[in-house]
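Asker: here is my input; please provide its structure:
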Amino acid sequence: MRISYLRTAKKRLSPAQVEQLDKAGMVWSDEEYQVGRIERGLTTYKAIHGDLRIPESFVVPHGDGRWDRDLWDMRLGQSVMSVRSRGAYEAHRSRFEALGLTFDPWNEPQYPFAVVRQALESFYGRYGHYVVPTTYVVAVDDMSYAGPVRGMKLGRIVHAIIQETMYVEHRGELEAMGVPLMPRKELMVDRICEAVRCYHRVYGEGRDIPKPYVVPEESLSYPRELWGLALGQAVYRICKCGSYEDYHDRFEALGLKIETPSRLDSRMEDRVIVVATLLPIFRQLHYHANVPNAFVVPDEEPWPQELRGDRLGMRIKYLRVSKKRLSPAQVEQLDKAGMVWSDEEYQVGRIERGLTTYKAIHGDVRIPQMFVVPHGDGRWDRDLWDMKLGSAIHMVRSRGVYEAHRFRFEALGLTFDPWNEPQYSFAVVRHALESFYGRYGHYVVPTTYVVAADDMSYAGPVRGMKLGQIVHNIINASTYAEHRGELEAMGVPLMPRKELMVDRICEAVCCYRRVYGEKKRIPKSYVVPEESLSYPRELWGLALGPAVYSICKRGSYEDYRDRFRAVGLDIETENR
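Answerer: Numbering: from 1, shown residues only. Model (predicted):
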C-alpha cells in the first residue's frame, strides 16, 4: 500500500526523493513493468531462436541463464497471444512492432523453423522416414519429442510446406534432409507403386492384392515409410473406382487390372442417380445439403424403403473427388439436387451469409465472439440457426482458418486487426447502456463493471460484456469516436474519469452537508447509502468517507483543491 500511494503521489515528490526511489528499483507503473518484461522476453527469444514465432504454449524455462531471472517460468507465449489477438497493452503496440512482432496471424507460422526441423528429425528417428501423414499430430505426452514440439500438428505443417505457403526459404534444406516435398498425390502414387512391387516380390506377380490388405508393421519386405499403408483399399479404388486416373498407365505397367471406362461409367451413373434421389430429402430435413461423410440413410420415413441403409455420405465424397469424370449432364443433375462439391466452400459460404445478414441487421460486422445465430429468427437463413458465428469469425481472424478466402471476408467489411475494431457494434453498446440506466438510473458505469452472464435484465448479446472498460475506452476516444455526440445526447458523461470523480465527490459532499449540517465531519468509513433519496442515484454506493480522507490527509486530486475547499473540506497544509 505504501508503494501504491507513492505511485499516485509521484508528482508531489521532490526530484531527490524520486531519484532515491529509482536507485532502490522503484516500479512506478505495473503496466510499464509488464510491457518491459514482454519486451525483454521477445528480445531474448529472438536472440536464441532467430525470430519471434513464439508458440502459444511456450514458457520461459526455469534455470536457463540466457533469460533474466525474473522471466523464468513466464508464460511468454500466452502473453504474446494476448498482445496480438486481444489488444492487451494496445498503447505500446509500436514498441512490440519495433522488435519485429507482427499482428497478422495469416502470414506467420506458429513455430520457428528450427523447432519444425527438430520435430521432423524426431519423427525420422522414430519411424525411419519423412513421409508425415497430413493428420499426424505429435502427442502432448510423447517423450520422444522435445517439449516445444509436443502437440504440434506436424502433418499440417508439412502439407503447408509442400503447398509453399510457409518456410519457402527452407525448402532446399528440407530436400537435402530427404523430406519429400512433391505434391501429396504424386507422393501417394509413388508409394502405392513401390508397395505393389514389394507385394509381388513376396507373393508372386499374378496374385491379386486382397481389399483388406495393409502393409504389415516391422516387415523387412517393405521400406519403413510403407509400413501401415492400406494397400488393398488403394488398389481397389484404383481398379474399381477409377482413382488416380492420370496415373493408370503406371499402375497397369505393374500388372494392376483396371476396369474399362464403360464399366466405370455405369457404376458412376448409378451413384449419380442415388445421390440425386436422396439429396433433396436430406435438404428437406436438415435445411442444407452438406452431407457428413459418415451419414447413413436411416430406416424411417420419408426415406425410400429400398435405399435405407445406403452410405449416402460416402457416395457424395466419392462424387466430389470424381467430379472431372462426370459428364456435364450428370453435374447439372447433381447441381439441381443441391450438391455441395466442397465442404470448405460451403463453410466459407455460410460465414459469408452470416456476415451479410449480421451487417444488414446491426449495420456492421463487429460480431462478439460468443454470438450465436438465434434459433427461429426468420431474418437468418434456416441452415444458419444456432450457428456459432462469433466463434467462426474468431477462428477466421485470429487463427488463419480459410486463409485462401480472406479477400472474400474483407470484401464484406471484416477487418483482421483486433487493435482497431471494437468487439461489439455500437447498437449493442447503446442497448447495454440503456439497460444499465434502466437498472441503476444513471450512466456512470464503473470501469470494472461487467454484465453478468446470467443477468436476464440484459439482452443475450450484452451478457458477459465488459461495459465499464468499453465506456472507459469511449472516454479516451479510442473507440466509437463517431458516436460521442449521440452518447452525450443520451446523458452519458464522457469527461475524463478523474474530472467525473471530482464532480461526484463534490456533489456527494454537498448532499451530506444538507442532511447532517455544514459542520459535521464525514466519517472515514462513510458510504453513500443505497436507495437514499437524499442523494442522486449515480452516487449510491460511493465510498465518500475514504475519498474525503484521501483528499484531506493524503493530498489526492491535488489540482482540484480549490473546488474541495469551496464545498467546505478542510485540506491539510503542504508542510503537514
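
Asker: next, count neighbours for K519.
Answerer: 7 (other Cβ atoms under 10 Å). Every C-beta, even on glycine, is put in place using the N, C-alpha and C of the backbone.

Asker: where do the helices sit along the stretch 101-250 of the chain?
Answerer: Taking DSSP state H, counting those that start in this stretch, the helices of the stretch 101-250 of the chain run over residues 113-127, 154-162, 171-177, 184-203, 231-241, 248-253.

Asker: so which of these comes closest to K388?
Answerer: In terms of Cβ to Cβ, the element of these nearest to K388 is helix 154-162, at 22.4 Å.

Asker: quick one: buried residues of the closest one?
Answerer: L154, G155, I157, V158, H159, A160, I161, I162 (16 or more other Cβ atoms under 10 Å).

Asker: repeat for stretch 21-29
Answerer: Across stretch 21-29, burial judged by 16+ other Cβ under 10 Å covers L21.

Asker: got it, and stretch 162-174?
Answerer: So stretch 162-174, judged by 16+ other Cβ under 10 Å, has buried residues I162, M166, Y167, H170, L174.

Asker: how close does the last one sit to Y167?
Answerer: Going back to what we said before, that points to L174. Distance check for L174 against Y167: by Cβ to Cβ, to the nearest Å, it reads 8 Å.

Asker: shared neighbours of these two, anything?
Answerer: Shared contacts of L174 and Y167, defined by Cβ atoms under 8 Å, 6 or more residues apart in numbering, are found at I161.

Asker: next, the buried residues of whichever helix in the chain runs longest.
Answerer: Among the segments of the chain that qualify as a helix by DSSP state H, the longest is helix 261-286. Under the neighbour-count criterion of 16+ other Cβ under 10 Å, helix 261-286 has 264-265, 268, 271-272, 274-279, 281-283 buried.

Asker: and for stretch 305-312?
Answerer: Within stretch 305-312, the residues scored as buried using 16+ other Cβ under 10 Å are D310, L312.

Asker: again with stretch 466-486
Answerer: Neighbour counts over stretch 466-486 (16+ other Cβ under 10 Å) mark K466, L467, G468, I470, V471, H472, N473, I474, I475, T479, Y480, H483 as buried.

Asker: do the same with stretch 492-504
Answerer: Judged by neighbour count (16+ other Cβ under 10 Å), stretch 492-504 contains these buried residues: V492, P493, M501, V502, R504.

Asker: any weak-confidence spans in the stretch 151-300 of the chain?
Answerer: Within the stretch 151-300 of the chain, the stretches with pLDDT under 70 are 260-267.

Asker: shaky segments in the protein?
Answerer: For the chain, the ranges with pLDDT under 70 are 85-87, 104-109, 260-267, 417-422, 478, 572-576.

Asker: give the contact list for the residue in it sticking out farthest from the centre.
Answerer: In the chain, counting by Cα atoms, centre = their mean, K519 sits farthest out from the average C-alpha position, at 58.9 Å. K519 is in contact with no residue at all, counting by Cβ under 8 Å, 6+ apart.

Asker: what helix or strand is it on?
Answerer: Mapping K519 onto the secondary structure by DSSP states H and E places it in no helix or strand at all.

Asker: now do H62
Answerer: Per DSSP H and E, H62 falls between elements, in no helix or strand.

Asker: relative to W72, how far out is it?
Answerer: 5 Å.

Asker: related to what we said a few turns ago, and the buried residues of stretch 466-486, which of them are in helices?
Answerer: L467, G468, I470, V471, H472, N473, I474, I475.

Asker: got the residues you listed as TSV, with distance to G376 columns?
Answerer: Output for these, formatted as TSV (distance: Cβ to Cβ, whole Å):
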residue	distance to G376
L467	28
G468	33
I470	29
V471	33
H472	36
N473	34
I474	33
I475	38
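
Asker: what's the most distant pair in these?
Answerer: So, those by Cβ to Cβ: farthest apart are L467 and I475, at 12.7 Å.

Asker: sorry, back to before: between the buried residues of stretch 162-174, which is closest to R315?
Answerer: Nearest to R315 among those, with distances taken as Cβ to Cβ, is I162, at 29.2 Å.

Asker: doesn't K185 make contact with that closest one?
Answerer: No - using Cβ atoms under 8 Å, I162 makes no contact with K185, being 10.5 Å away.

Asker: leaving out sequence neighbours, find the closest residue to V296.
Answerer: Spatially, and ignoring its direct neighbours in sequence, V296 is nearest to R311 (5.5 Å; Cβ to Cβ, 6 or more residues apart in numbering).

Asker: mind listing what that neighbour touches?
Answerer: F295, V296, V297.

Asker: of these, buried ones?
Answerer: Buried members of the contacts of R311, counted by 16+ other Cβ under 10 Å: F295, V297.

Asker: kindly reformat the contacts of R311 as JSON lines containing secondary structure and distance to Q34.
Answerer: Output for the contacts of R311, formatted as JSON lines (DSSP: H, G, I helix; E, B strand; the rest coil; distance: Cβ to Cβ, whole Å):
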{"residue": "F295", "secondary structure": "coil", "distance to Q34": "50"}
{"residue": "V296", "secondary structure": "coil", "distance to Q34": "54"}
{"residue": "V297", "secondary structure": "coil", "distance to Q34": "58"}
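
Asker: closest to G232 out of the contacts of R311?
Answerer: Nearest to G232 among these, counting by Cβ to Cβ, is V296 at 22.9 Å.

Asker: where do the helices sit along the stretch 451-576 of the chain?
Answerer: Under the criterion DSSP H, counting those that start in this stretch, helices of the stretch 451-576 of the chain are mapped to 467-475, 484-490, 497-516, 544-554, 561-566.

Asker: just list what the shortest one packs against, helices and strands only.
Answerer: Right, helix 561-566. If contacts are counted by 3 or more Cβ pairs under 8 Å, 6 or more residues apart in numbering; DSSP states H and E, helix 561-566 sits against helix 497-516, helix 544-554.

Asker: likewise for the third one?
Answerer: Here helix 497-516 touches helix 544-554, helix 561-566, going by 3+ Cβ pairs under 8 Å, 6+ apart.

Asker: how much distance is there from the longest helix of the chain to the middle of the chain?
Answerer: 38 Å (Cα atoms, centre = their mean, to the nearest Å).

Asker: likewise for stretch 370-386?
Answerer: Mean-position distance between stretch 370-386 and its chain equals 21 Å (Cα atoms, centre = their mean).

Asker: next, the distance between the ends of that stretch.
Answerer: One end of stretch 370-386 to the other measures 12 Å (Cα to Cα, to the nearest Å).
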